[in-house]
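> Below are the sequence and a predicted model; questions follow.
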Amino acid sequence: VYSFTSSADPGQTVTGTFTISLHRDSGSYLIGSLIDVEGDVGAAQLETMLGNSLPSLGDIVVDRSPNVDCVCSNAWTWEITFLDVSNEVNAQLDVDGAGLSGDGATMSDAVLLRDTTMIAGSFYLRNPYNEAISRDIPFDASDAFMKDVIETDLDITVKNVLVVDTDDYGRGLPELGRRWTVIFANYQGLYGEADVNVPNLEAHGDDLTGSDALVWAHTALEGRMPLAGHFALSLRGSPFSNSISHDASADEVKLALESLESVNTVSVSPRRDIGSETERVISGSSWTVTFNSVNHNTDYGWVVDPGAETSGGNLPAMEVDSRLVGWNATYLIEHEYGLGSTDTQAQWMEKKKGDAGLDTGAVYVQYKESGQWKRESTIVASDYSSFDRFGHSVDLKGTHLVVGAPSKTVNGLPEQQSLKCTGIATSGYFSVSFRGFTSDPIPHDATIREIESAIVGLYGETTRIHPFPRIDVQPSGDWDGES
């Protein structure tokens with residue numbers, strides 16, 4: 001902010017003109033040309049003249065007020081504020097009142113009321129993963145210094161650091177801003193794996209000085225390391241199994257589960273490679289586990305629990321001790337159980353008739369021999385569910401037996417829906433929605449497998465129709481699903 005004032009002898013009137021000039025480096029270099037100004041130029045007019053003559057100055061604000069200390073007429077005080085400090089650093093404003101008229105008319109020197117306040121001081125970085133805090137980093141730290149700070153103080157390996165001063169005029173003034181672009185290699189995770197998904201560092205600039213000085217950290221590109229690491233499993237509160245790989249085979253998962261005190265035997269489906277089933281950047285594995293025989297914990301230790309009867313035929317979800325690493329690494333355990341009319345089979349599972357079959361009922365075929373009834377066979381429903389009350393009533397006619405089950409819920413046949421696109425489509429997309437969920441965009445010329453892929457939901461993260469990871473999509477009519 002600069003200020004200068006016109007004045008004259010008592011009773012005199014200031015007229016004429018004065019000049020304004022701007023120099024760089026203590027007057028050795030003139031910026032622009034001299035500006036001739038009327039002795040009573042208004043604030044708005046002077047702003048316009050300075051903007052037109054010295055556009056490199058950027059935004060300028062001019063205030064004008066009467067010189068109340070002079071017992072004269074038409075004397076004024078001007079204050080000029082340069083808002084764009086980055087445009088002309090170390091510039092000096094000069095005024096010359098040689099063109100003013102009136103006895104004793106003069107113009108004071110331009111006085112610097114407030115100098116440009118630029119960045120100084122230091123800041124520090126914090127690694128939120130291990131809560132490590134760096135040493136103080138100077139506002140103008142070099143690339144080598146920044147690399148050493150991150151690697152030594154924050155324990156993160158750095159590939160390289162690029163330093164750029166953010167001054168738009170390329171004058172190499174870190175006092176006007178400096179940017180460090182850091183390309184990370186990896187950091188050592190909690191379980192010893194080298195993870196490229198580096199924690200987002202926090203920048204703290206409490207010790208920076210300067211007008212509105214601040215520092216911040218921004219992640220321009222996340223490291224996208226594929227899924228890696230290990231995990232362990234537990235059921236019914238048993239101690240966790242040994243760790244198994246993120247891409248373990250079905251046999252390895254089976255071995256880990258059957259090592260638990262709560263499990264005797266399981267069946268494990270072959271591992272599904274989630275990444276191969278989608279074009280999105282994702283990696284992962286999926287297994288389906290069927291528990292054939294389990295134990296429950298008693299005061300006398302783990303004992304066999306046929307059909308998980310102690311918990312109503314249902315098992316809790318497995319627990320996971322995750323040591324997975326990678327971009328947004330996570331896990332999801334989904335399990336299905338139900339009981340009679342309150343069955344809440346998870347929508348993500350393939351629908352099957354029946355459940356655990358507790359107290360479903362039966363019909364016993366008996367014959368009489370020597371005055372005693374003996375059981376010949378037992379008849380149960382092929383699609384039994386718990387508490388069906390199968391055998392509540394019977395009727396036999398010839399070779400046909402009709403059995404009543406008043407509590408049975410009939411599942412019926414699988415639902416089928418058809419989709420038909422008419423007309424000749426040459427481009428574009430469409431989508432399908434069901435129960436509040438929407439598929440991915442489906443190209444107009446998609447194959448049957450591409451349609452299925454757009455609809456099928458991936459466990460844990462999907463924008464598709466999530467209830468449908470187990471569906472069958474088939475072409476109809478004359479279409480072969482490909483052409």
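Ah, there it is. Just so it is clear, the model here is predicted, and its values are computed rather than measured.

> just for the chain, where's the confidence low?
25-30, 84-90, 168-171, 189-196, 277-281, 336-358, 410-415, 435-436, 457-470 (pLDDT under 70).

> My read is that residue 106 contacts residue 98, right?
No. Counting by CB atoms under 8 Å, residue 106 stays clear of residue 98, with 9.3 Å between them. (Glycine included, C-beta is placed from N, CA and C.)

> out of these two, which sits in the busier spot?
Neighbour totals were compared for residue 106 and residue 98, and residue 106 leads with 16 against 11 (other CB atoms under 10 Å).

> how about the nearest residue to that one, chain neighbours excluded?
Setting aside the residues directly before and after it, residue 106 is nearest to residue 97 in space (CB to CB, 6 or more residues apart in numbering), at 5.2 Å.

> so that neighbour sits right up against residue 109, yeah?
No. Shown here, residue 97 and residue 109 do not form a contact pair, counting by CB under 8 Å, at 9.7 Å.

> any idea whether residue 46 is helix, strand or coil?
The three-state label given to residue 46 by DSSP: H, G, I helix; E, B strand; the rest coil is helix.

> Which residue is the nearest non-sequential neighbour of it?
Nearest one to residue 46, counting by CB to CB, 6+ apart, is residue 62 at 4.7 Å.

> strand partners of the helix or strand that neighbour falls within, parallel vs antiparallel please.
Assessed by DSSP states H and E, residue 62 sits inside strand 60-66. Next to strand 60-66 in the sheet, as set by DSSP bridges, lie strand 76-82 (antiparallel).

> now for the helix or strand that the partner strand is followed by, which elements pack on it?
For strand 76-82, the following helix or strand on the C-terminal side (DSSP H and E) is strand 91-96. When contacts are defined as 3 or more CB pairs under 8 Å, 6 or more residues apart in numbering; DSSP states H and E, strand 91-96 packs onto strand 2-7, strand 15-24.

> Buried residues, strand 91-96. List them.
Applying a neighbour-count criterion of 16 or more other CB atoms under 10 Å, the buried positions in strand 91-96 are 91, 92, 93, 94, 95.

> so how far is whichever helix or strand comes after that strand from its chain's centroid?
Remark: after strand 91-96, the chain's next helix or strand is strand 100-101, criterion DSSP H and E. The chain centre lies 68 Å from the centre of strand 100-101; the measure is CA atoms, centre = their mean, to the nearest Å.

> Contacts for strand 100-101, please.
Residues from elsewhere that reach strand 100-101 (CB atoms under 8 Å, 6 or more residues apart in numbering): 6, 8, 14, 15, 16, 17, 18, 39, 106, 107.

> Now with 7 Å, please.
Applying CB atoms under 7 Å, 6 or more residues apart in numbering, the contact partners of strand 100-101 are 6, 14, 15, 16, 18, 39, 106, 107.

> so can I have TSV of the residues you listed showing distance to residue 318?
Below are those laid out as TSV (distance: CB to CB, whole Å):
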residue	distance to residue 318
6	87
14	91
15	94
16	93
18	86
39	89
106	91
107	86
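
> Settle this for me: the residue nearest to residue 106 is touching residue 18, isn't it.
Yes. Checked against CB atoms under 7 Å, the pair residue 97 and residue 18 is within contact range at 4.6 Å.

> where do the contact lists of those two overlap?
residue 107.

> center of the chain - which residue?
residue 328 (8.3 Å; CA atoms, centre = their mean).

> Surely that one is within a helix?
No. Per three-state DSSP, residue 328 lies outside any helix segment and is coil.

> And it, its phi and psi?
Main-chain torsions, residue 328, degrees, to the nearest 10: phi 50, psi 40.

> can you give me the strands in the stretch 151-300 of the chain?
For the stretch 151-300 of the chain, the strands defined by DSSP state E, counting those that start in this stretch cover 156-165, 178-188, 194-195, 202-204, 208-209, 228-234, 244-245, 263-268, 272-273, 285-286, 289-298.

> Let's verify the residue nearest to residue 231 when sequence neighbours are not counted: helix, strand, or coil?
Nearest in space to residue 231, with sequence neighbours left out and distances taken as CB to CB, 6+ apart, is residue 322 at 5.1 Å. For residue 322, the assignment made with three-state DSSP gives strand.

> does residue 322 really touch residue 230, like I thought?
No. Taking contacts as CB under 7 Å, residue 322 lies outside contact range of residue 230: 8.5 Å.

> tell me the secondary structure for residue 50?
helix.

> Need the phi and psi values for the residue of the chain most remote from its centre.
Distance to the chain centre peaks in the chain at residue 370, reaching 78.4 Å (criterion: CA atoms, centre = their mean). The phi/psi pair for residue 370 (degrees, to the nearest 10) reads phi 50, psi 40.

> Chain neighbours aside, what residue packs nearest to residue 163?
Nearest to residue 163 is residue 143, by CB to CB, 6+ apart, at 4.6 Å.

> What distance do you get for that neighbour to residue 276?
Noted for residue 143: a distance of 41 Å to residue 276, by CB to CB, to the nearest Å.

> who has more neighbours, the two?
residue 143 (16 against 7).

> of residue 97 and residue 109, who's got more company?
Shown here are residue 97 and residue 109; by other CB under 10 Å, residue 97 has more neighbours (20 against 14).

> Who are the contact partners of the more buried one?
Residue 97 neighbours (CB under 7 Å, 6+ apart): 6, 18, 105, 106, 107.

> Can you get me a residue count around the third one?
Read that as residue 105. Neighbours of residue 105 (other CB under 10 Å): 24.

> Quick check: it touching residue 9?
No. The criterion here is CB under 7 Å, and residue 105 misses it with residue 9 at 8.1 Å.

> Next one: the closest residue to residue 128 other than its chain neighbours from residue 483, what distance?
Nearest non-adjacent residue to residue 128, counting by CB to CB, 6+ apart: residue 199, 5.5 Å away. Applying CB to CB, the value for residue 199 to residue 483 is 50 Å.

> okay, the two: which has more neighbours?
A count of neighbours by other CB under 10 Å puts residue 199 above the other of residue 199 and residue 483, at 17 against 6.

> how near is that one to residue 223?
With CB to CB as the criterion, residue 199 and residue 223 are 10 Å apart.

> try residue 324
Taking CB to CB as the measure, residue 324 and residue 223 are separated by 15 Å.

> now the strands for the stretch 301-450 of the chain?
Under DSSP E, counting those that start in this stretch, the stretch 301-450 of the chain gives strands at 301-304, 319-325, 363-369, 372-379, 393-397, 400-404, 429-430, 433-434, 437-438, 442-443.
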